[in-house]
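J.: here are the coordinates; sequence isn't available:
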């Protein structure tokens, strides 16, 4: 299979996965375009919590919009999404959950994005192949210690996550929503 055919196949798989994982807290797919390849999704004008929290640290008006009630509702929506993914048969794990991969819609609801990096737990070989081909380097700030440990041992990020690793990453997102701080502050995290 040529590289173009492989990429088209992966694109079709990602679009099918997005369509299959419908949930109020997963970014809705509106359509796909084959040439050029694009997945059209709903628009979330408020950006990510990562960006919103950073803006809130700089701008009192932006901070006033991020009330505790809104941050709590946002966290609850993201938790519902993770429950939806983890209770499927077979479970779907996210592998790269972080505040930058969540979006905020007009009504301040959480929308999980980058579901194309999610993989079924019963097929780690295809998950590894897909992520190896796409050269994914997730941000270690949100990775569970056991995932980082495997990364350090092999020198390559292998997407053999678990629902537990996703829950750890979600805990880091909750910590961000509570403290308004970047996980692990300004510390540089070195892998390898």
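T.: That came through fine. Since this is a predicted model, take the numbers as computed values, not measurements.
J.: pull the contacting residues for residue 26.
T.: Taking C-beta atoms under 8 Å, 6 or more residues apart in numbering as the criterion, residue 26 is in contact with 18, 81, 84, 111, 112, 115. In short, each C-beta sits where N, CA and C put it, glycine included.
J.: how far away is it from residue 171?
T.: Look at residue 26 and residue 171: by C-beta to C-beta, to the nearest Å, they are 20 Å apart.
J.: over to residue 46?
T.: Relative to residue 171, and taking C-beta to C-beta, residue 46 is found at 23 Å.
J.: these two: which is more packed in?
T.: The neighbour count for residue 46 versus residue 171, taken as other C-beta atoms under 10 Å, is higher for residue 46 (20 against 12).
J.: hang on, that one in a strand?
T.: No - under DSSP: H, G, I helix; E, B strand; the rest coil, residue 46 sits outside any strand and is assigned coil.
J.: now it, nearest residue through space, not along the chain?
T.: residue 104 (3.6 Å; C-beta to C-beta, 6 or more residues apart in numbering).
J.: do the same with residue 114
T.: Sequence neighbours aside, residue 101 is the residue nearest to residue 114 in space, at 4.7 Å (criterion: C-beta to C-beta, 6+ apart).
J.: and that neighbour, how many neighbours?
T.: Residue 101 has 23 neighbours, counted by other C-beta under 10 Å.
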